[in-house]
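Novice: fold the stuff below for me.
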Amino acid sequence: MARSRLRVDQIGPGIPLPFDTFDNDGNLLLRRGFVLESADQVERLVSRGLFADGIDEASADRGRSRGLVSGSAAPLEKLKGKKVSVFGLLDECQNNLEALIGDPDAQDFSNALLAIAAGVQRACKLDADAALAGTLLRTEGRYTIRRLVQASIVVDLLLTRMEQDEATRLIAVAAALTRDISMMELQDQLFVQPNPPDEAQTAELHSHPTRSVQMLRERGVTNETWLELVHQHHETIDGTGFPRALSGEQILQTAEIISLADRYGSMIWGRAYRPAMLPSAALREIFSLQGHAIEARLVALLVKEIGVYPPGSIVTLANGDTAVVLKRMPHAHQPVVRCVRNSSMQRLPGAPKRLTKEAVFAVKAAVPLSSLKFAIDPAQIWEETFEFDPG
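Specialist: Okay, here's the model as predicted:
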């Protein structure tokens, strides 16, 4: 899609932007929904060079007709907006999921779960970089519940990149959130267990997709796609998966994506008997499975979406600082970061933002989160995101 330079007549003060905007170098400046405060601010930004994808006169006219660009007669008092914390939203999803799964007598389980899935989608839509960072930095709450939410984020982002519609993605996210409903206690146990699964635990692992489907049916889930995705999420294209040893086109592509997200999450978090991997190492291992356990094009999709240094990664810079990756950029090796520690190992107040395309701030290497020796508060690194809701 072509990126076009904006004119002052295509945007206006007091009206949410109808598209993401970029600077000359392709860096994201303002997200869709951001409200510019004054005509002077609009003019300054446009004069500096403000770009958007696929904006032409026809789309500008459509925007005006909806009251989204300057020239609209829509009264401003009808426009409502608020700032939302992606991390607060994900915490809410996680807490609600734990309460819902933990209540065998929960009423209207299916719709309640879909509401949580919609919350995950909302977080991903608000700020995909912050949502991805949540898969690396959010450590609060029950391990198994956290893993379910983390994988569901990756599932929604991958399906969005594949241009799947929201309703299709919603069912996939719901399946990702409920795939392990029949083995929650076992997952928690394996997280702290010093040895790999024994024979009995392995048998439970291999049967859990079938048992999860049964539990979901008992709780009122009737959507057959949802149930089949749960049933297939450990199948592999070479027929070595479980529980039914399906292969090739017998496996739903979305089930493969859930499996891929689950596999990636398992690697980056590890267990007591298996150390956590850096995202880059996890992607390399997954890459080695392409073509026999996983479709090569889906592996490529994951690599492209996650990136070399996904948001939430801890990296060292050429000047000796240590930083947390804030957001991905078109050049995968040059993310935007916030520095949290200087070369003297002192914490940096305010976590100053750095562009790693500048040589002095170039990324040298990714390092484990544990190397920091202090906790990162994601809410202080990623600002709340403006969410526009027409009145």
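Novice: what comes up buried for stretch 377-391?
Specialist: Buried residues in stretch 377-391, defined by neighbour count with 16 or more other CB atoms under 10 Å: 378, 381, 382, 384, 385, 386, 387, 388. For every residue, glycine as well, the C-beta is placed using N, CA and C.
Novice: return the member of the residues you listed nearest to residue 161.
Specialist: Each of the buried residues of stretch 377-391 was checked against residue 161 using CB to CB; the closest is residue 385, at 19.6 Å.
Novice: secondary structure element for residue 113?
Specialist: helix 109-126 (DSSP states H and E).
Novice: now the element after that helix, going C-ward?
Specialist: Later in the chain than helix 109-126, the nearest helix or strand by DSSP H and E is helix 128-137.
Novice: can you give the contact residues for that following helix?
Specialist: Helix 128-137 is contacted from outside by 86-87, 90, 123-124, 149-150, 153-154, 157, 160, 265, 268, 279, 306, 310-313, 324-328, 369, 376, 378, 381-382, 385, using CB atoms under 8 Å, 6 or more residues apart in numbering.
Novice: the next helix or strand after that helix - contacts with which helices or strands?
Specialist: The helix or strand immediately downstream of helix 128-137 is helix 143-161, counting by DSSP H and E. If contacts are counted by 3 or more CB pairs under 8 Å, 6 or more residues apart in numbering; DSSP states H and E, helix 143-161 sits against helix 86-101, helix 109-126, helix 128-137, helix 166-178, helix 184-192, helix 253-269, helix 296-306.
Novice: how many neighbours does residue 370 have?
Specialist: Look at residue 370: counted by other CB atoms under 10 Å, it has 8 neighbours.
Novice: check residue 142 too.
Specialist: If we define neighbours as other CB under 10 Å, then residue 142 has 18 of them.
Novice: please apply the same query to the one 4 residues further on.
Specialist: Counted with other CB under 10 Å, residues neighbouring residue 146 total 21.
Novice: next, the contact list for it, please.
Specialist: 94, 138, 139, 140.
Novice: same thing with residue 157?
Specialist: 124, 128, 131, 132, 305.
Novice: which of those residues has the most neighbours?
Specialist: Busiest of the contacts of residue 157 [other CB under 10 Å] is residue 131, holding 29 neighbours.
Novice: which SS state does residue 107 fall under?
Specialist: coil (DSSP: H, G, I helix; E, B strand; the rest coil).
Novice: what pLDDT does residue 347 get?
Specialist: In this model, residue 347 is scored at 93, pLDDT.
Novice: shaky segments in the stretch 251-391 of the chain?
Specialist: 388-391 (pLDDT under 70).
Novice: of all the helices and strands packed on helix 143-161, which lies closest to residue 343?
Specialist: Closest approach to residue 343 among the helices and strands packed on helix 143-161 is made by helix 128-137 (22.8 Å; CB to CB).
Novice: so what touches the helix holding residue 113?
Specialist: Contacts of helix 109-126 (CB under 8 Å, 6+ apart): 84, 86, 89-90, 92-93, 96-97, 100, 106, 130-131, 134, 149, 152-153, 156-157, 160, 166, 169-170, 173-174, 177-178, 219-223, 385, 387.
Novice: ok, now which ones touch residue 196?
Specialist: So residue 196 contacts 273, 274 (CB under 8 Å, 6+ apart).
Novice: in a strand, it, correct?
Specialist: No: counting by three-state DSSP, residue 196 is not found in a strand; it is coil.
Novice: domain map for this structure?
Specialist: With domains defined by automatic domain parsing, the chain comprises 3-82, 86-306, 314-377.
Novice: okay, these, which one's buried deepest?
Specialist: domain 86-306 (a mean of 19; mean count of other CB atoms under 10 Å).
Novice: end to end, how far does that one reach?
Specialist: Taking CA to CA, to the nearest Å, domain 86-306 runs 18 Å from one end to the other.
Novice: check stretch 286-299 too.
Specialist: 7 Å.
Novice: same thing with stretch 369-380?
Specialist: 16 Å.
Novice: contact partners of it?
Specialist: For stretch 369-380, contacts defined as CB under 8 Å, 6+ apart pick out 85, 87-88, 130, 133-134, 136-138, 312, 314, 322, 324, 340-341, 347, 351.
Novice: could you rerun that using 10 Å?
Specialist: 85-88, 90-91, 130, 133-134, 136-139, 268, 276, 278, 311-314, 316, 322, 324, 338, 340-341, 345, 347, 350-351 (CB atoms under 10 Å, 6 or more residues apart in numbering).
Novice: now swap in stretch 221-229 and tell me
Specialist: Stretch 221-229 is contacted from outside by 109-110, 113-114, 117, 155, 168, 170-176, 178-179, 181, 209, 212-217, 230-231, 251-252, 254-259, using CB under 10 Å, 6+ apart.
Novice: any chance of the helices and strands packed on helix 143-161 in JSON lines, plus distance to residue 18?
Specialist: Formatted as JSON lines, those follow (distance: least, CB to CB, whole Å):
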{"stretch": "helix 86-101", "distance to residue 18": "21"}
{"stretch": "helix 109-126", "distance to residue 18": "15"}
{"stretch": "helix 128-137", "distance to residue 18": "18"}
{"stretch": "helix 166-178", "distance to residue 18": "18"}
{"stretch": "helix 184-192", "distance to residue 18": "43"}
{"stretch": "helix 253-269", "distance to residue 18": "30"}
{"stretch": "helix 296-306", "distance to residue 18": "25"}
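Novice: so for residue 11, which of those helices sits nearest?
Specialist: With CB to CB as the criterion, residue 11 lies closest to helix 109-126 of the helices and strands packed on helix 143-161, at 20.5 Å.
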